[in-house]
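Peer 1: Sequence first, then the predicted structure:
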Amino acid sequence: MSHILDELDVIKNIESIYESNSGFNVLKDFERVLDELDLYVYKNWQDGELAEGPIIDRHWVTAKFFWPREKMPDPMGGKRLLDYDCKLGYLKANLIKPRKILEPGDIRPGTKKGKLDKHPIWIVEIRMPKKLLADMFGAELENLDVDNPSDASQEPMAQAPVEDQVVPGADAAGEEV
């Protein structure tokens with residue numbers, strides 16, 4: 001069975017993240033963990049786009065990212081996450097995108113919209129333990145309501161001021177050593 005991801009669903013997911021302080025903060029911490037674990041040194045990991053998430057469960061935070069099929073992220077990067085109790089899943093799928101209208105044949109019959117094209121992609125699902133997020137950044141994920149993670153009335157997660165963060169390979173003035 002072929003899995004299909006609709007570009008409209010991706011856009012709606014991103015809109016819901018921007019509407020939720022807690023969802024946005026969790027996603028930032030999720031990305032910081034990936035960066036801290038040096039995942040982006042592996043080929044193509046930096047080119048991924050958010051497809052779904054973050055989904056906040058009792059013990060896990062899950063996010064799905066996608067890449068064009070020809071730019072599959074290096075599986076060795078994913079293997080690195082396994083050492084930190086993260087769970088990974090790789091899936092071949094298709095992304096449905098409207099075609100850019102350049103000629104009359106690009107229009108869907110009876111509409112003024114472009115025809116829908118399938119683009120082959122890889123989807124990587126990353127399930128990260130909340131404990132890993134909390135251990136690395138002192139994130140207070142326990143305060144998030146599992147049943148309603150997008151509740152805007154929740155307090156945003158604690159985060160260290162930029163001045164207090166230690167940057168490897170930099171001295172106190174912020175210059176490269």
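Peer 2: Received it, and whenever you're ready, just let me know what you need. Numbers count the residues shown, from 1 in each chain.
Peer 1: average pLDDT across the longest strand anywhere in the chain?
Peer 2: Using DSSP state E to define each element, the chain has its longest strand at strand 116-129. Across strand 116-129, pLDDT averages out at 92.
Peer 1: In that strand, which residues are buried?
Peer 2: Neighbour counts using 16 or more other Cβ atoms under 10 Å place I121, W122, I123, V124, E125, I126, R127, M128, P129 of strand 116-129 among the buried residues. (Glycine included, C-beta is placed from N, CA and C.)
Peer 1: Show me which of those residues is closest to I101.
Peer 2: Distance to I101, by Cβ to Cβ, is smallest for I121 among those, at 22.6 Å.
Peer 1: got the contact list for that closest one?
Peer 2: Contact analysis of I121 by Cβ atoms under 8 Å, 6 or more residues apart in numbering lists L5, F66, W67, P68, R69, K92, A93, N94, L95.
Peer 1: And it, how close does it get to K87?
Peer 2: Noted for I121: a distance of 20 Å to K87, by Cβ to Cβ, to the nearest Å.
Peer 1: where do the strands sit along the protein?
Peer 2: Under the criterion DSSP E, the chain contains strands at 3-6, 49-56, 60-68, 87-98, 116-129.
Peer 1: can you tell me which residues contact the closest residue to L27 other than its chain neighbours?
Peer 2: Nearest residue to L27 in three dimensions, chain neighbours excluded: P54, at 5.1 Å (Cβ to Cβ, 6 or more residues apart in numbering). The contact partners of P54, by Cβ under 8 Å, 6+ apart, come to I17, G23, V26, L27, F30, V61, T62, A63, P149.
Peer 1: Next: H3.
Peer 2: Contacts of H3 by Cβ under 8 Å, 6+ apart are L91, K92, A93, N94, I123.
Peer 1: For the one residue sitting closest to the centre of the chain, give me its contacts.
Peer 2: Taking Cα atoms, centre = their mean, the centroid of the chain lies closest to L50, which sits 4.0 Å from it. L50 is in contact with V10, N13, I14, I17, L27, A63, K64, F65, counting by Cβ under 8 Å, 6+ apart.
Peer 1: For it, give its distance to L8.
Peer 2: Distance, L50 to L8, using Cβ to Cβ: 14 Å.
Peer 1: rewinding a little: is it possible to get CSV of the contacts of L50 that adds distance to P73 and neighbour count?
Peer 2: Listed next are those as CSV, based on distance: Cβ to Cβ, whole Å; neighbours: other Cβ atoms under 10 Å:
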residue, distance to P73, neighbour count
V10, 17, 18
N13, 19, 17
I14, 20, 14
I17, 21, 20
L27, 18, 18
A63, 14, 22
K64, 13, 23
F65, 8, 20
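Peer 1: longest single helix anywhere in this protein?
Peer 2: In the chain, with assignment by DSSP state H, the single longest helix is helix 21-36.
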